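>>> no FASTA, just this:
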């Protein structure tokens, strides 16, 4: 079973790019973030043509999440309860025996910005949501763009970025609490010491200079960890393809037995 997560950074702008990726990589289930399209305008036809059913929680111009599946899928939750004012940022569905949730976590902008404490509060709500709704033996995945760099290894600046947004003590403490809900970072489970990134700024040639962050994660319950065969960051699809501009995020792909 091949599952994936990808912040597409605007589905309308990336539609042909996403189509090419789906054809080449053939994921069974993929969580997408930052759609920037409302539910009524979602391009279901393209996905149907490729054999996918898509469930969405969209929003005009901003945010938005979706799950595309080649397997039977049914929505269990749309939106993070109590955090509706922060936009469409969570959708959860049952895909056969797997509970699959994808999130687009708030950015926070800067530690001195008004959005920063709101980001922390959003994470507190996510932690409560996950811990209260998941059974310890459940096959569950939580994936998406988390907008947090868990350790210095996950940032091109290393420890020099400590204390800045994405790298702050407060954000890392929230991420650690989320992981304590019984989640495993599937990439780190397989590559404990490897520095790799999933996001690069469009500006300044950051991608080619290796100036990135690892902020897109595939987190799994212990029973999912037992099925883990491989997790990789699909850097090749951060590059332009036949004149098509990539998202500033690379997909993250996980293979499960």
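Nice, thanks for sending it over. Quick caveat, the model's predicted, so the values are computed rather than measured.
>>> neighbours of the nearest residue to residue 177 once chain neighbours are set aside, how many?
Distance criterion CB to CB, 6 or more residues apart in numbering; nearest residue to residue 177, sequence neighbours excluded, is residue 127 at 5.3 Å. Heads up, the C-betas are built off the backbone N, CA and C, glycines and all. For residue 127, the tally of surrounding residues (other CB atoms under 10 Å) stands at 17.
>>> how far does the helix or strand where residue 127 lies sit from the chain's center?
Assigned by DSSP states H and E, residue 127 belongs to helix 115-133. In terms of CA atoms, centre = their mean, to the nearest Å, the centre of helix 115-133 is found 16 Å from the chain centre.
>>> list the pairing partners of the next helix or strand after it within its sheet, with orientation.
Sequence-wise, the next helix or strand downstream of helix 115-133 (DSSP H and E) is strand 140-145. Paired neighbours of strand 140-145 in the sheet (DSSP bridges): strand 98-104 (parallel), strand 216-220 (antiparallel).
>>> do you know which of the ones you listed lies nearest residue 187?
Nearest to residue 187 among these is strand 216-220; the distance by CB to CB comes to 6.5 Å.
>>> residue 146 against residue 175, yeah?
Yes - contact criterion CB atoms under 8 Å: residue 146 and residue 175 qualify, at 6.9 Å.
>>> of the two, which one has the most company?
More crowded of residue 146 and residue 175, by other CB under 10 Å: residue 146, with 27 against 22.
>>> and the nearest residue to the more buried one once chain neighbours are set aside, how many neighbours?
Nearest residue to residue 146, sequence neighbours excluded (CB to CB, 6+ apart): residue 105, at 4.8 Å. Residue 105 has 25 neighbours, counted by other CB under 10 Å.
>>> same question for the one 4 residues further on.
As a burial measure, residue 109 scores 13 neighbours (other CB under 10 Å).
>>> got the contact list for the nearest residue to it once chain neighbours are set aside?
Spatially, and ignoring its direct neighbours in sequence, residue 109 is nearest to residue 115 (4.9 Å; CB to CB, 6+ apart). Taking CB atoms under 8 Å, 6 or more residues apart in numbering, we find residue 115 in contact with 106-109.
>>> who wins on neighbours among those residues?
residue 108 (23 neighbours).
>>> that one touches residue 149, doesn't it?
No - look at residue 108 against residue 149 with CB under 8 Å: they stay out of range, at 11.9 Å.
>>> ok, back up a step: mind listing which of the contacts of residue 115 are in helices?
Counting by DSSP state H, those place none of their members in helices.
>>> export the residues you listed as CSV, with columns for pLDDT and distance to residue 84.
As requested, the contacts of residue 115 are exported to CSV (pLDDT from 0 to 100; distance: CB to CB, whole Å):
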residue, pLDDT, distance to residue 84
106, 98, 13
107, 97, 18
108, 97, 18
109, 96, 20
